[in-house]
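[1] Here you go, sequence then predicted model.
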Amino acid sequence: MTNNNLYQVAKLGKPHSLRGFQYINIDNFFRRFDLSNISMQVGNEELIVENFKTHLKDRNLIKFKDFDTIESIERLRDEVVSISDKYKNDFLNDSKLPWPGFFINKNLGKSDLVLLGFNFSQNFTFCEVSNLTDFPIPYNDKFFSYQNNQLILINDNLTV
């Protein structure tokens, strides 16, 4: 993976068990997906996810291939985890939209509008768009579409 297409999605926590699992604080968007068998950048290493699962309420556990002991995963603790945009089309929400983090500071379609950021609140994702900063825009198929690897703001009533 090259650094120019990596996006920070998580931070690793403490080891969970003797079998190589550890806690991961991952962006809400990814919590419901099975991330097994994808590669992730952890610090300066490219690692393959062996297993990813939900643990308790809002916590997730991750296990990387060839990391089977507490000693091996302890050195990963507090490391930043990034994902490549090559997975942009692999993980889509219920509205068939990819993780909005892939589009930060990029134009939304052919418009001059730019996605500035996004927030997660009460099971919903809201986006902040340039020139439309007075209110957050729900990240769903009523306001956005994803076509030809581009995120597009489709609700004309929002444009300035």
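    On my side now, so go ahead.

[2] contacts, neighbours, all on C-alpha from now
    Fine.

[3] where along the chain do the strands fall?
    For the chain, the strands defined by DSSP state E occupy 6-15, 22-26, 39-42, 45-55, 59-64, 80-84, 115-121, 124-129, 137-138, 144-147, 150-153.

[4] tell me the angle the first one makes with strand 22-26.
    Angle, strand 6-15 to strand 22-26, by axes from the mean of the first three to the mean of the last three CA atoms, to 10 degrees: 140 degrees.

[5] of all the strands of the chain, which lies closest to Ile104?
    strand 115-121 (5.2 Å; CA to CA).

[6] Pairing partners for that closest one, with directions?
    Sheet pairing here is set by DSSP bridges, and for strand 115-121 it gives strand 124-129 (antiparallel).

[7] Quick one: distance of the strand it pairs with to the chain centre.
    Taking CA atoms, centre = their mean, to the nearest Å, one finds strand 124-129 lying 14 Å from the centre of the chain it belongs to.

[8] any chance of the strands of the chain in a markdown table, plus mean neighbour count, mean pLDDT and distance to Lys96?
    Formatted as a markdown table, the strands of the chain follow (neighbours: other CA atoms under 10 Å; pLDDT from 0 to 100; distance: least, CA to CA, whole Å):
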| stretch | mean neighbour count | mean pLDDT | distance to Lys96 |
| --- | --- | --- | --- |
| strand 6-15 | 19 | 94 | 19 |
| strand 22-26 | 22 | 95 | 20 |
| strand 39-42 | 21 | 97 | 22 |
| strand 45-55 | 17 | 93 | 22 |
| strand 59-64 | 20 | 93 | 23 |
| strand 80-84 | 21 | 97 | 19 |
| strand 115-121 | 16 | 92 | 17 |
| strand 124-129 | 19 | 93 | 14 |
| strand 137-138 | 18 | 94 | 14 |
| strand 144-147 | 17 | 95 | 7 |
| strand 150-153 | 20 | 94 | 11 |
